[in-house]
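1. okay, sequence plus prediction incoming.
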Amino acid sequence: MSTTAVRAPCDEGVIRAGDAPARGVSAAAGPRAGTWVLVAAMLGSSMAFIDGTVVNVALPVLQRALRADVAGVQWVVEAYALLLSALLLVGGSLGDRYGRKRVFAIGVGVFGLASVACGLAPSLAWLVAARAVQGVGGALLVPGSLALISASFTPEQRGRAIGTWSGGTAIAAGLGPVLGGWLVQSASWRWIFFVNVPMAAAVLAILLRVPESRDDEAAHAPLDVAGAVLTTLGLGGVTLGLVESAHRGWTSPLVLGGIAGGAAALAGFVAVEHRSRAPMVPPGLFRSRTFTGANLLTLLLYAALGGAMFFIPFDLIDVQGYGPAAAGAAFLPFIVLMSVLSRWSGGLVDRFGARLPLTVGPMVAAAGFALFALPGIGGSYWTTFFPAVVVLGAGMSIAVAPLTTAVMGAVESRHAGVASGINNAVSRAAGLLSIAAFGLVAIGAFGGALPDRLAANRVPADVGRAVEAQHVRLAAAAAPPGAPPAVRAAADRAVDEAFVHAFRVVMLVAAAMAAASGIIGWMMIDPTPALRATASSPTS
């Protein structure tokens, strides 16, 4: 395979659209610059990915420390995910216009400073606000990482470069829960945010060696401010309605207004994008069947993953009795598989096309989610959760790098930032909405099972009513402080059993969604190995 590299022009070290043949930025950095691009992209992306996995492990501890219900801890995740998913498209567009390295660096700086604010948070409201600012920083840096790679490597090199990026970020993101769990258990939950600061400083130093790249055509186009506002309002409204419906009810004006207003804003976003001269989401990109199919697959697969990963730490820590460090370490097999297989799976696209791995990978992941529904309470990790973690890790390892390669290979290189932003926005929006939706599923299943479990464990009626009133707290529900120890133990057992039931329902829903994404992969993804040939035309 050819590995010819095109060096960046000497003029300010910028890769420009005009230097590439015809319409795109197809220039690639030299070997040494390419190495720095990969290191910066992996380390910068790792901050955002680590933050998500670390926070999930700390959620049960945060819930107790800040005396929050499930909706409260959901907003710790959702505030970050909302701004991240809503502004990723803006981040990709800003990088294409004003320089991918520049916007990436700004995102890294904002993310680092917001991490300090999270670590110093004296209250839940402060923490949620700081997490929202983190989301803004993440929206600038996440699409920039892949856009830098796409602009710095030739199409022939891109699959393995993205595979390397996937493997590196998987290692970092996977080690995050182990480190975070240890920090939460031995120090404080606040330190899970402070670890981002030295990483941000390292990325900014490395970026001094990375060449700049941009799309000259995009630089003269206006920003799609209306699209950005409508996306934020749309996702925010729908998320608000779903999260708050658990305890306000579906007839609440806030719930109905949030969902209706959000849906209207999203519809307005679609209309604006079709009429805009410089849309944030160019409708022409979706004329590519592979690009559309890859994003639908992303929506379902990452919705399954995001919703499941939110609830797994609660089961491990609150029900199974794992410590935070042990809960984080439970996913080490996932990390190993992602780090070992990602580079290999990235190369599968060049040899077999993207359809095969994007069908097999999600189906294997679906089996992994289903295996999470098997364990009850107690038992050895090796016979309960280990098989599920291994199978899920294998499925995601097969799918992730080919999915990213398929998305980036289905559009012109000059749209690299936009394509990356769209796909990342889809994955983040999927996680954002699935956490809210899975929360409803979990609360409904938990509330439905709890009365029977309380009766089966012979919990007195008055104590049972007090426990049922806390159903929105899920596994954190408990008997009143004055209840006798034996009654408290029986109530705790009933709560654990009801949560296991809800957890199983959530995992089976995740399995169905992952399987559906595999079907989409088979039906819509280009089966030929020459995906890179489509990179010259978004309508291929």
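-> The structure has been received and is ready for your questions.

2. can you give me the strands for this structure?
-> Along the chain, the stretches classed as strands by DSSP state E are 14-15, 212-213.

3. now find how far off-centre stretch 505-518 is within its chain.
-> Centroid separation for stretch 505-518 versus its chain: 16 Å, with C-alpha atoms, centre = their mean, to the nearest Å.

4. mind checking how far the most centrally placed residue in the chain is from residue 168?
-> Nearest residue to the geometric centre of the chain (C-alpha atoms, centre = their mean): residue 428, 4.7 Å. Per C-beta to C-beta, to the nearest Å, residue 428 is found 20 Å from residue 168. For glycine as for every other residue, the C-beta is placed from the backbone atoms N, C-alpha and C.

5. span of stretch 452-463 from start to end?
-> 14 Å (C-alpha to C-alpha, to the nearest Å).

6. quick one: buried residues of that stretch?
-> Neighbour counts over stretch 452-463 (16 or more other C-beta atoms under 10 Å) mark 453, 454, 457, 459, 463 as buried.

7. shouldn't the fourth one be in contact with residue 490?
-> Yes - look at residue 459 against residue 490 with C-beta atoms under 8 Å: they come within range, at 5.1 Å.

8. in the stretch 351-500 of the chain, where is pLDDT below threshold?
-> Scanning the stretch 351-500 of the chain for pLDDT under 70 picks out 413-414, 416-417, 421.

9. please enumerate the helices of it.
-> Secondary structure of the stretch 351-500 of the chain, counting by DSSP state H, counting those that start in this stretch: helices at 355-372, 381-384, 386-409, 416-456, 461-468, 485-524.

10. can you say which of those is nearest to residue 133?
-> Closest to residue 133 of those is helix 416-456 (C-beta to C-beta; 15.8 Å).

11. hey, what's the angle from the closest one to helix 461-468? Just curious.
-> Helix 416-456 and helix 461-468 are oriented at 180 degrees to each other (axes from the mean of the first three to the mean of the last three C-alpha atoms, to 10 degrees).

12. elements contacting helix 416-456?
-> When contacts are defined as 3 or more C-beta pairs under 8 Å, 6 or more residues apart in numbering; DSSP states H and E, helix 416-456 packs onto helix 70-98, helix 124-152, helix 225-248, helix 289-314, helix 386-409, helix 461-468, helix 485-524.

13. tell me the gap between that helix and the middle of its chain.
-> Its chain's C-alpha centre and that of helix 416-456 lie 12 Å apart, by C-alpha atoms, centre = their mean.

14. lowest average confidence, helix or strand, in the chain?
-> Between all helices and strands in the chain, the lowest mean by mean pLDDT, DSSP states H and E belongs to strand 14-15, at a mean of 35.

15. next one: phi and psi at the residue in the chain sticking out farthest from the centre?
-> Distance from the centre of the chain peaks at residue 484, with 43.2 Å (C-alpha atoms, centre = their mean). Dihedral angles of residue 484 (phi, psi; degrees, to the nearest 10) stand at phi -60, psi 150.

16. ok, residue 456 - contacts?
-> 494, 497 (C-beta atoms under 8 Å, 6 or more residues apart in numbering).

17. go with 10 Å
-> Counting by C-beta atoms under 10 Å, 6 or more residues apart in numbering, residue 456 makes contact with 490, 493, 494, 497.

18. gap between it and residue 224?
-> Taking C-beta to C-beta, one finds residue 456 at 56 Å from residue 224.

19. and if you look at residue 77?
-> As defined by C-beta to C-beta, residue 77 lies at a distance of 27 Å from residue 224.

20. what's around the spatially closest residue to residue 390 that is not a sequence neighbour, how many residues?
-> Counting by C-beta to C-beta, 6 or more residues apart in numbering, residue 390 lies nearest to residue 333, which is 5.0 Å off, once chain neighbours are set aside. Neighbourhood size, residue 333 [other C-beta atoms under 10 Å]: 20.

21. do the same with residue 185
-> The number of residues packed near residue 185 is 18, by other C-beta under 10 Å.

22. was I right to think it contacts residue 323?
-> Yes - taking C-beta atoms under 10 Å as the definition, residue 185 is a contact partner of residue 323 at 5.4 Å.

23. excluding chain neighbours, what is closest to residue 521?
-> Per C-beta to C-beta, 6+ apart, closest to residue 521 is residue 358, 3.5 Å.

24. what's the answer for residue 491, then?
-> residue 479 (3.9 Å).

25. next up, the contacts around that neighbour.
-> 454, 459-460, 463-464, 466-467, 470, 485, 487-492, 494-495.

26. report the buried members of those residues.
-> In the contacts of residue 479, the ones that pass as buried (16+ other C-beta under 10 Å) are 454, 459, 463-464, 466-467, 470, 487-488, 490-492, 494-495.

27. how is the chain divided into domains?
-> The record assigns the chain these domain ranges, following automatic domain parsing: 26-212+280-452+496-531, 224-279.

28. quickly compare these and say which is most buried.
-> Across the domains of the chain, averaging neighbours per residue (mean count of other C-beta atoms under 10 Å) puts domain 26-212+280-452+496-531 on top, at a mean of 23.

29. off-centre distance for that one?
-> From the chain centre to the centre of domain 26-212+280-452+496-531 is a distance of 3 Å (C-alpha atoms, centre = their mean).

30. on that earlier part again, now render the buried ones among the contacts of residue 479 as a markdown table, adding distance to residue 302.
-> Formatted as a markdown table, these follow (distance: C-beta to C-beta, whole Å):
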| residue | distance to residue 302 |
| --- | --- |
| 454 | 36 |
| 459 | 39 |
| 463 | 40 |
| 464 | 38 |
| 466 | 38 |
| 467 | 34 |
| 470 | 31 |
| 487 | 42 |
| 488 | 39 |
| 490 | 39 |
| 491 | 36 |
| 492 | 34 |
| 494 | 34 |
| 495 | 30 |
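
31. alright, that wraps it up for me.
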